[in-house]
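J.: here's a sequence, model it:
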Amino acid sequence: MDTSPGTFADLGLRDELLQALTHLGYEEPTPIQRESIPPLVEGRDLLGQAATGTGKTAAFALPLLQRMPAGRDATEPAALILVPTRELAMQVSEAIHKYGKALGTRVLPVYGGQPIRSQLRALQRGVDVVVATPGRAVDHLKRGTLRLGSIEVVVLDEADEMLDMGFAEDIESILTDAPEGRQTVLFSATMPPRIASIANRHLRDAVRIELGGEDIAPGDGPLVRQTAYIVPRGQKSSALGRVLDVEAPTAALVFCRTRDEVDSLSETLNGRGYRAEALHGGMSQEQRDRVMKKLRSGAAELLIATDVAARGLDVDQLTHVINFDVPAAPAAYVHRIGRVGRAGREGVAITLAEPREHRMLKQIERLTKQKIEIEKIPTVADLRARRLELTRAGLEESLLEDKLDAFRVVVETLAEEYDVMDVAAAAVKLAHELSGAAVDEEEIPDAPAVHDRPERASKSRNGGGDDRPRRGAQKHQSAGMTRLFIGAGRAAGIRPQDLVGAIANESSVPGRDIGAIEIADRFSLVEVPEPFADEVITALRASSIKGRRTNVRRERF
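T.: Presented below is the predicted three-dimensional model:
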């Protein structure tokens, strides 16, 4: 695999796309983009193995847009992208809209849980790219409102996850109906036999790309304490602030993917009272030198940077490296954290990962032979305790300096009227308040990591084995989860993947956040995260599972 950095211009992309990427702050292609874009621009089929967070969306979206005529006015779509969840459908649609804005590209997300009338109107007006969950795409095909006659490209993103969610038949139906001469692109984090079977039937002379094959010898890395927090996408800035409050780094380097993210995060952190400086490829050498001088002199404590801008940086006082996003490749992760833990000093590497990026963390662990501990986001109580600890440490340092004679008269005077312990406590309280230790009272919700959820029995996931609820199982519920009763079971042909697909397709709960599933003859029990329980109940009551409406409610104990 070519690991040279290169630029997007080196990949031969049209000016409109290069300008959009520059405007969005992307400075260089990720490994999967470097390997995928050239053959896709040539029209080749492609089978790619890469985890979430590696830049797959741009890897297939940019070639798709490269080959599409600007201002295309045909009614039927030229490209269909299949994704497992509505969350991913929205993300991919948003990305394609941004990349193709100057080309006038019309993109439509199609997923469950959204009024179908608005989708029908958009399809009637005409679109260029449809990003759909398989179930809703099949619904439109049956209605005749989505036509595949003009389709030139079909992309399967997160193919293994779609199969896990029970969409195999839908995917087969869609690929069979699509024109034979189209380009087919399949991305998957894993390559089980079912994926290989689909590739063999539907891809022609495909280019195969596997990301993450770098082997990093154990012990080669620096002395670094490595931790990660699984954080909802919309809470990452707040979570970073909380982590920084607890860690209190002397100097930290925070990595972001794009220039825009660097600028936005720098502004947010400065608003929280941190001394943060931005560093990216859009800055002059004079600006870079000024930023580095501030960091080395202690005038700044946080440096927010892109990988490109941070190349060659060597800061002795650096104590923390923080990945605001999971790096696109394990080698990039190792390179980042290698900036701390030098000269025998232990450094700290912290990664903020979205739930879907948990696979990438496991891949990094496997290749580096080093454990990344998944920790809970610090609570308000944790933050209060940490700030009190810092106040105590400051007072202890003052006591050791022993320059207190000028203040003894105040203590002696107050001690004549008040208890000495009360006087000391009042002094500590005043010192603590003057330190500016205001506490953010809002708790940040945890997002469940893949391995934090109860495992489903492998036999049950495959639709076989004895999936009867165990005696007393209904009385045990996983922490943070709510068990739902669904009035359809084995007698109605219900399988675990049917329930996962229905919930993920009709609500905002990703399939991998769904907990234990138990299926009886006439009913099923499914665990979902408590904050989403009401949404899932409403969504499932308004939809059908295996072609039939069912009763859905919270389980009654």
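J.: flag every buried residue along the longest helix out of those in the chain.
T.: The single longest helix within the chain, with elements called by DSSP state H, is helix 380-401. Across helix 380-401, burial judged by 16 or more other C-beta atoms under 10 Å covers 383, 386-387, 391. All C-beta spots, glycine's among them, are computed from the backbone N, C-alpha and C.
J.: ditto for stretch 519-529
T.: Residues of stretch 519-529 classed as buried: 519, 523-529 (neighbour count, 16+ other C-beta under 10 Å).
J.: could you tell me the angle between the helix or strand just after the longest helix of the chain and helix 380-401?
T.: As assigned by DSSP states H and E, the chain's next helix or strand after helix 380-401 is helix 405-415. With axes from the mean of the first three to the mean of the last three C-alpha atoms, to 10 degrees applied, the angle from helix 405-415 to helix 380-401 works out at 120 degrees.
J.: just checking, what packs against helix 405-415?
T.: Here helix 405-415 touches helix 420-434, going by 3 or more C-beta pairs under 8 Å, 6 or more residues apart in numbering; DSSP states H and E.
J.: any idea how far the helix it packs on is from the chain center?
T.: Helix 420-434 sits 44 Å away from the centroid of its parent chain (C-alpha atoms, centre = their mean, to the nearest Å).
J.: now swap in stretch 550-557 and tell me
T.: Mean-position distance between stretch 550-557 and its chain equals 31 Å (C-alpha atoms, centre = their mean).
J.: need the residues that contact that stretch.
T.: Contacts to stretch 550-557, defined as C-beta atoms under 8 Å, 6 or more residues apart in numbering, come from residues 474-475, 482-488, 525, 533, 536-537, 540-541, 544.
J.: one more time with 7 Å, if that's ok
T.: With contact meaning C-beta atoms under 7 Å, 6 or more residues apart in numbering, stretch 550-557 is reached by 474-475, 482-488, 525, 533, 537, 540-541.
J.: okay, the residues you listed in CSV with distance to residue 115, secondary structure and pLDDT next?
T.: Converted to CSV, these look like this (distance: C-beta to C-beta, whole Å; DSSP: H, G, I helix; E, B strand; the rest coil; pLDDT from 0 to 100):
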residue, distance to residue 115, secondary structure, pLDDT
474, 35, helix, 41
475, 39, helix, 43
482, 26, strand, 87
483, 29, strand, 88
484, 24, strand, 91
485, 27, strand, 90
486, 24, strand, 91
487, 25, coil, 88
488, 25, coil, 88
525, 30, strand, 90
533, 22, helix, 88
537, 19, helix, 90
540, 17, helix, 88
541, 16, helix, 85
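J.: which residues touch the spatially most central residue of the chain?
T.: Closest residue to the average C-alpha location of the chain: residue 354 at 3.0 Å, with C-alpha atoms, centre = their mean. The neighbours of residue 354, taking C-beta under 7 Å, 6+ apart as the test, are 231, 233.
J.: 10 Å instead?
T.: Applying C-beta atoms under 10 Å, 6 or more residues apart in numbering, we find residue 354 in contact with 52-53, 87, 230-236, 325-326, 360, 447, 510.
J.: and for residue 547, the neighbour number?
T.: Residue 547 is flanked by 7 other residues according to other C-beta atoms under 10 Å.
J.: then residue 237?
T.: Neighbours of residue 237 under the rule other C-beta under 10 Å: 17.
J.: that one in helix, strand or coil?
T.: Look at residue 237: counting by DSSP: H, G, I helix; E, B strand; the rest coil, its state is helix.
J.: for it, what are its contacts?
T.: Residue 237 makes contact with 231, 264-265, 268-269, 271-272, 324, 352, according to C-beta under 10 Å, 6+ apart.
J.: let me see the ranges of the strands in the stretch 151-300 of the chain.
T.: 153-156, 183-188, 207-210, 224-230, 252-255, 276-279 (DSSP state E, counting those that start in this stretch).
J.: ok, and the closest non-adjacent residue to residue 49?
T.: Leaving aside its chain neighbours, residue 49 sits nearest to residue 210 (4.6 Å; criterion: C-beta to C-beta, 6 or more residues apart in numbering).
J.: go ahead and confirm the one you found touches residue 54.
T.: No: applying C-beta atoms under 10 Å as the test, residue 210 and residue 54 come out as separate, 11.4 Å apart.
J.: higher neighbour count, those two?
T.: Taking other C-beta under 10 Å, residue 210 and residue 54 do not tie; residue 54 has more neighbours (27 against 13).
J.: give the contact list for that one.
T.: 30-33, 48, 187, 189, 211-212, 326-329, 332, 357, 360, 363.
J.: out of the strands of the stretch 151-300 of the chain, which comes closest to residue 504?
T.: Among these, strand 153-156 comes nearest to residue 504, with 16.0 Å by C-beta to C-beta.
J.: who does that closest one pair up with?
T.: The strands beside strand 153-156 in its sheet (DSSP bridges) come out as strand 79-82 (parallel), strand 183-188 (parallel).
J.: flag the shaky bits of the stretch 101-250 of the chain, pLDDT-wise.
T.: Within the stretch 101-250 of the chain, the stretches with pLDDT under 70 are 212-223.
J.: so what's the residue count around residue 82?
T.: There are 24 residues near residue 82, going by other C-beta under 10 Å.
J.: who's in contact with residue 491?
T.: 519-523 are the contacts of residue 491 under C-beta under 10 Å, 6+ apart.
J.: and those, which is closest to residue 297?
T.: For these, the nearest to residue 297 is residue 519 (63.7 Å; C-beta to C-beta).
J.: residue contacts, residue 42?
T.: Contacts for residue 42 (C-beta under 10 Å, 6+ apart) come out as 63, 67, 183, 207.
J.: re the thing from before, can you redo the contacts of residue 491 as CSV with secondary structure?
T.: Shown next, in CSV, are the contacts of residue 491 (three-state DSSP):
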residue, secondary structure
519, strand
520, coil
521, coil
522, coil
523, coil
